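*Asks:* quick one, structure for this:
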Amino acid sequence: MPDKTVLLVANLDTRGAEFRQFKDLVENQGLGAILMDVSMEQVPPFVGDITCEEVAAAGGLEIGVVREKYTVERKTSTDCMIRGGGILARRLFEEGKISGIFGAGGATATLIVTSIMKQLPFGFPKVMASSIGSHPKYVGQYVGTKDIMMLNTVVDVMDINPLLKRQLTNAVGAVCGAVRLYDPEADAASNDKPVVGITSFGFAERCVEPAIELLRRAGFQPVPFHAQGKGDRAMDEVIRDGLIQGVFDVVSRGIGEELLGGNCAAGVDRLLAAAEMGVPQVVSTSGLDMLSVGGMKGWEEKYAGRGFAIIDELRVEVRTSADECREMARIMAERLNRSIAPFMVMLPLQGWSSLDREGKALYDPEADAAFAEELRIHLNEGSRIREVDANLYSTEFAEACITAFTEVWAEHQAAQGA
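*Replies:* Residues are numbered from 1 along each chain as shown. So this is what the prediction gives:
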């Protein structure tokens, strides 16, 4: 009996022959293989280890209904198989029966399989071989914030030919190799330091870089997340997965980007994940001083009269107004008020980024002050706000923040009786 098993997710009604070979490839590598069938259109040529009937039932529909809806209302069918496949895959993981997941196919198969993969935790091996693995409009949806390895097959995943066979063999080899090296218990044992998530971006680097070193010296394991809308959203998901014990959320820009429709919107969980999960956090304001509008038509007219900085053709940052800052402060306060662990909000008095300081394009101390005033009004614990007479883009501010973090951490530990 193999020690480790790969879950193969397939629509056997169209790709049964290929996946029979994939299963053989996995088993020839000394690993187990479980074949989950997510067929929606036809009766498959052979029965999967987990049948399409079982997947459909777990998703809430009979397979006959799935097939009926497939040609006229495909979303109903795909949503059902995604739900059912996700439930069954998660169950297999929780029972310790799988150590990796693999899929291959075109647009519909990629949507279903990657959606199922998203139900599995960070670090769990996930490999998807897709004929549209490089499509700029789709890949962001397929991968999102998850650690899914996407292999672009270049040729279509249809029938078997020498070019496709080599790509799919590579993909199966990738998941087999990852599964062999996958050892979550060893990973956990190798790090006995509390993990601290840090949001970062280029306009806060002179704060983030020294903060990382200061956290290391203080006995923590810092893990930075690029706050471009995906990285900060991913950090919130990892927090909810229980993999992060503390947070230095220096770049809270996702709040404003989500509110104002910027390019780096990060969902509605910013700050809230740590607050609700009881994770101690230090929060600051970098990125709330700007809105990312690069590539948006008409931004010059819409934001006429505001300061702006053109970094390159994709990155254009427009200064947020005092009223917008007030609204962001209310959102921050509402979310932090739900905290079940200690926190601190650090306010730099000389600007919130490298673009927001005297002489720079986004410098607006009145707007920054409006944020601070509104935050004091709405935050339940005013003592949780600390001002620092420095620009955020500085070692001085980093030192003040890490001092605050060690205080918040000690308060949390004392409350936990540690």
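*Asks:* just the CA trace of stretch 185-199, in PDB.
*Replies:* Extracted C-alpha coordinates of stretch 185-199, given in PDB (Å, rounded to 0.1, in the frame of the first residue of the first chain):
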ATOM      1  CA  GLU A 185       4.600  17.600   9.900                       C
ATOM      2  CA  ALA A 186       8.300  18.200   9.100                       C
ATOM      3  CA  ASP A 187       7.600  21.700   7.900                       C
ATOM      4  CA  ALA A 188       5.800  22.500  11.100                       C
ATOM      5  CA  ALA A 189       8.600  21.000  13.200                       C
ATOM      6  CA  SER A 190      11.300  22.900  11.400                       C
ATOM      7  CA  ASN A 191       9.900  26.300  12.500                       C
ATOM      8  CA  ASP A 192       9.400  26.800  16.200                       C
ATOM      9  CA  LYS A 193       9.200  30.500  15.900                       C
ATOM     10  CA  PRO A 194       5.800  32.400  15.700                       C
ATOM     11  CA  VAL A 195       5.000  33.400  12.100                       C
ATOM     12  CA  VAL A 196       4.300  37.100  11.500                       C
ATOM     13  CA  GLY A 197       2.600  38.100   8.300                       C
ATOM     14  CA  ILE A 198       3.800  41.500   6.800                       C
ATOM     15  CA  THR A 199       2.100  43.400   4.000                       C
END
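*Asks:* what lies in contact with it?
*Replies:* 123, 208, 211-212, 215, 219-225, 227, 231-232, 235, 238-239, 243-252, 405, 409 (CB atoms under 8 Å, 6 or more residues apart in numbering). To be clear about C-beta, it is placed using only N, CA and C from the backbone, and glycine gets the same treatment.
*Asks:* now, those residues that are in strands?
*Replies:* Residues of the contacts of stretch 185-199 located in strands (DSSP state E): 221-225, 246-249.
*Asks:* any idea which of those residues is closest to A304?
*Replies:* D249 (31.9 Å; CB to CB).
*Asks:* tell me what the closest one is bridged to.
*Replies:* D249 forms beta bridges with V283, as assigned by DSSP bridges.
*Asks:* quick one, what contacts it?
*Replies:* Contacts of D249 by CB under 8 Å, 6+ apart are 197-199, 270-271, 274, 281-284.
*Asks:* okay, and which of these map to strands?
*Replies:* 197-199, 281-283.
*Asks:* nearest residue to R206 other than its sequence neighbours?
*Replies:* Y393 (4.7 Å; CB to CB, 6 or more residues apart in numbering).
*Asks:* what about that neighbour, which SS state?
*Replies:* Here Y393 is recorded as coil under DSSP: H, G, I helix; E, B strand; the rest coil.
*Asks:* where are the low-confidence patches of the stretch 101-250 of the chain?
*Replies:* 158-159, 187-190 (pLDDT under 70).
*Asks:* where do the strands of the chain begin and end?
*Replies:* 5-10, 32-37, 100-105, 126-130, 149-152, 195-200, 221-226, 246-249, 281-283, 290-292, 308-310, 316-319, 343-348, 385-388.
*Asks:* which one is the most centrally placed residue in the chain nearest to, not counting chain neighbours?
*Replies:* Residue closest to the mean C-alpha point of the chain, counted by CA atoms, centre = their mean, is A234 at 2.2 Å. Nearest non-adjacent residue to A234, counting by CB to CB, 6+ apart: T145, 3.8 Å away.
*Asks:* and the gap between that neighbour and I98?
*Replies:* 21 Å (CB to CB, to the nearest Å).
*Asks:* next: A171.
*Replies:* Taking CB to CB, one finds A171 at 17 Å from I98.
*Asks:* how many neighbours does G294 have?
*Replies:* G294 has 17 neighbouring residues, counting by other CB atoms under 10 Å.
*Asks:* walk me through the domains of this protein.
*Replies:* Domain ranges of the chain: 5-185, 191-416, per automatic domain parsing.
*Asks:* give the contact list for A415.
*Replies:* A415 touches 341-342, counting by CB under 8 Å, 6+ apart.
*Asks:* and the gap between it and V251?
*Replies:* Taking CB to CB, one finds A415 at 27 Å from V251.
*Asks:* again with Y142
*Replies:* Counting by CB to CB, the gap from Y142 to V251 is 26 Å.
*Asks:* just checking, A372 touches L347?
*Replies:* Yes. In this structure A372 lies within contact range of L347 using CB atoms under 8 Å: 5.4 Å.
*Asks:* common neighbours of the two, please.
*Replies:* In terms of CB under 8 Å, 6+ apart, A372 and L347 are both contacted by the residues 385, 387.
*Asks:* hang on, the earlier thing: from the contacts of stretch 185-199, which would you call buried?
*Replies:* Among the contacts of stretch 185-199, those classed as buried by 16 or more other CB atoms under 10 Å are 123, 208, 211-212, 215, 220, 222, 224-225, 227, 231-232, 235, 238-239, 243-252, 405, 409.
*Asks:* Q21 reaches T169, doesn't it?
*Replies:* No. Contact between Q21 and T169 fails when scored by CB under 8 Å: they sit 9.1 Å apart.
*Asks:* G173 and F22, how far apart?
*Replies:* Taken as CB to CB, the span from G173 to F22 is 11 Å.
*Asks:* more crowded one of the two?
*Replies:* Between G173 and F22, counting by other CB under 10 Å, F22 is the more crowded of the two (25 against 14).
*Asks:* right, and the more buried one touches A104 too?
*Replies:* Yes. Counting by CB under 8 Å, A104 is a contact partner of F22 at 7.2 Å.
*Asks:* list residues touching both of those two?
*Replies:* Contacts common to F22 and A104, judged by CB under 8 Å, 6+ apart, are 10, 168.
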